[in-house]
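Colleague: predicted coordinates and the sequence they were generated for:
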Amino acid sequence: MKTINNKHRILILGASGFIGQALYKELCGYFNTYGTYCVDNKAFSKNQHYFQYNMEEDDIFEILEIVKPTIIISAVRGNFSAQVIAHHHIAEYVVANNSKFIFLSSANVFDAYSKFPSYEDDKTLSHSMYGHFKIKIENMLLRLPKRNYAIIRLPMVFGAQSPRIQEIKFFLKEKSPIEVFPNLIMNVTTDTKVTQQIHYIINQKKSGIFHLGSTDLVHHDDFFKEIIASLGVINPVFKQVFTSNDDRYLAVLSKTNTLPKNLELLSHDILTELEV
């Protein structure tokens, strides 16, 4: 039988979202795990481990005082300015209480680089608002003692209930064209693999920067075609989008902070999971 590890109290910001819910399900059987949600939801309000939290109106300090987390995982979405303020407050809490801050970042922190895949120690540079925002939070955490943070850079995340798969199914049902980017080379992952990897990082007290994507690279259009084939759909309609004449990379590969082989995945593993 699983026994709750009382050593850690974990607070997941954005525990009502796709990755946040997956993290809560993965961790709640092993640790005292709490989460936040924003929009009114009866299921969450009945769960005494969930706190309603509107980043633009509420002060995160109130929840931190109640939960007293030893680990805070940020999987939250929303207004960038409000997120910066909230993350700044969390960083202060983490240092004062010698806790750990696990921040879910994105491959987009490298979206200004297109010639090569990116590794953990590469310099970040972005042309997008989203990438700029993620870099701002990352730089805030990099000023903390290394033991107090883990930055998790994610590529595209798939899963049976993921927003991307739901969107594909919607477009297929509506017989609308699905956008694919033939020149984009990327790596990918699933919610189940990411949550297992973060669980391992917590258990092994790992710190620093982690790139949690598949160890192989795929073309965006080829991968989406394979996904749709795995859903059993014949003759879907695609809209090919070319943002440049040359292949461009948006991939986060691991070189320095590698995880055990059993926690790695290949892009094909995702297709197998979706077929189930």
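Modeller: On my side now, so go ahead. Residues are numbered from 1 along each chain as shown.
Colleague: so what pairs up with the most centrally placed residue in the chain in the strands?
Modeller: Nearest residue to the geometric centre of the chain (Cα atoms, centre = their mean): residue 104, 4.8 Å. Counting by DSSP bridges, residue 104 forms beta bridges with residue 152.
Colleague: for it, give me its contacts.
Modeller: Counting by Cβ atoms under 8 Å, 6 or more residues apart in numbering, residue 104 touches 19, 73-75, 152, 154. Where C-beta positions appear, they are placed from N, C-alpha and C, glycine not excepted.
Colleague: could you dump those to TSV with pLDDT, secondary structure and distance to residue 95?
Modeller: Converted to TSV, these look like this (pLDDT from 0 to 100; DSSP: H, G, I helix; E, B strand; the rest coil; distance: Cβ to Cβ, whole Å):
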residue	pLDDT	secondary structure	distance to residue 95
19	96	helix	25
73	98	strand	17
74	97	strand	16
75	95	coil	21
152	98	strand	19
154	98	strand	25
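Colleague: if you rank these by neighbours, which is first?
Modeller: The most crowded member of the contacts of residue 104, judged by other Cβ atoms under 10 Å, is residue 73 (28 neighbours).
Colleague: does that one have beta-bridge partners, and which?
Modeller: Bridge pairing for residue 73 - DSSP bridges - gives residue 12, residue 102.
Colleague: how much space between it and residue 50?
Modeller: 14 Å (Cβ to Cβ, to the nearest Å).
Colleague: same question for residue 150.
Modeller: 23 Å.
Colleague: centre of the chain versus stretch 236-245, how much separation?
Modeller: The chain centre lies 26 Å from the centre of stretch 236-245; the measure is Cα atoms, centre = their mean, to the nearest Å.
Colleague: revised request: answer the last question for stretch 60-76.
Modeller: 18 Å.
Colleague: ok, residues contacting it?
Modeller: Contacts for stretch 60-76 (Cβ under 8 Å, 6+ apart): 7-15, 17, 19-20, 23, 31, 34, 36, 51, 53, 55, 83, 86-87, 89-90, 93-94, 97, 99-104, 137, 198, 202.
Colleague: buried subset of those residues as a PyMOL selection?
Modeller: Command for PyMOL that selects the buried part of those, burial taken from 16 or more other Cβ atoms under 10 Å:
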select buried, resi 8+9+10+11+12+13+14+15+17+19+20+23+31+34+36+51+53+55+83+86+87+90+93+94+99+100+101+102+103+104+137+198+202
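Colleague: before we move on, back to that, residue 150 and residue 50: which has the busier surroundings?
Modeller: More crowded of residue 150 and residue 50, by other Cβ under 10 Å: residue 150, with 24 against 19.
Colleague: what is the burial count for residue 174?
Modeller: Count around residue 174 with other Cβ under 10 Å applied: 8.
Colleague: mind listing the strands for the protein?
Modeller: 5-13, 31-37, 50-52, 71-74, 100-106, 149-154, 156-158, 178-180, 184-186, 188-190, 208-211, 218-219, 238-240, 248-250 (DSSP state E).
Colleague: quick one: the residue nearest to the centre of the chain from residue 91, how far?
Modeller: From residue 104 to residue 91 the distance is 15 Å (Cβ to Cβ).
Colleague: and residue 37, by the same measure?
Modeller: 22 Å.
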